[in-house]
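Q: The following block contains a protein sequence and its predicted model.
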Amino acid sequence: MLNRSLTLKLWLLAIVLAKALPMNSPAYGQIIQPIPQQPESFQERMRQQQEGRTQQTQEQLKDTWLRLNLQQPQQLQQQQKIQQQEFTQQREELIRQQQFRLQQQETRLQQQQFTQQQQLRIQDQQLRQDQQIRQQQQFRLQEQRRQQELR
């Protein structure tokens, strides 16, 4: 992230210098040669405009440099702090969701256990009832046999 920022700064500096330097170079002066018919005041005005542009470009370069080198670290720190906060919030939300899922699973397990216990109770009751019925039937059978033997 820091290398990317540094690369961006260097490119901006190169662009600004590329715009500022050709105006001051001798080749630039040859392109804008004074036309012999024009009075010297025009040439003077052109020179002053050129100096003004050069000074303005230098001020822009200085402002850009200051902005990139002084404000960006603060913005970077602020951005990193915001990203850290977002990450922490996301992590906490994931933890909450996991806890909720675990609670749901625990509730399901408890319901399943309760259902199984109920089923076991019902089966146990049925077994008891079956045993009672058998005992009653056996008792009746025995009673019938006795009655027959007595006759």
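A: Thanks, I have the structure now.
Q: Please enumerate the helices of the chain.
A: According to DSSP state H, the chain carries its helices in the segments 2-24, 26-31, 40-66, 72-150.
Q: Against residue 82, how distant is the closest residue to residue 68 other than its chain neighbours?
A: Nearest residue to residue 68, sequence neighbours excluded (C-beta to C-beta, 6 or more residues apart in numbering): residue 9, at 4.8 Å. Backbone N, C-alpha and C define where each C-beta goes, glycine included. Using C-beta to C-beta, to the nearest Å, residue 9 is found at 22 Å from residue 82.
Q: Check residue 100 too.
A: As for residue 100, its distance to residue 82 is 27 Å (criterion: C-beta to C-beta).
Q: Same check on residue 128?
A: Noted for residue 128: a distance of 69 Å to residue 82, by C-beta to C-beta.
Q: before we move on, what about residue 104?
A: For residue 104, the distance to residue 82 - C-beta to C-beta - is 33 Å.
Q: for the protein, which spans come out with low pLDDT?
A: Scanning the chain for pLDDT under 70 picks out 1-2, 17-40, 71-73.
Q: give me that answer again for 80
A: Applying pLDDT under 80 to the chain picks out residues 1-43, 66-77, 151.
Q: Export the helices of the chain to TSV and append columns for mean neighbour count.
A: As requested, those are exported to TSV (neighbours: other C-beta atoms under 10 Å):
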stretch	mean neighbour count
helix 2-24	12
helix 26-31	9
helix 40-66	12
helix 72-150	10
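Q: picking up where we left off before, go ahead and confirm the residue nearest to residue 68 touches residue 67.
A: No. Look at residue 9 against residue 67 with C-beta atoms under 8 Å: they stay out of range, at 9.9 Å.
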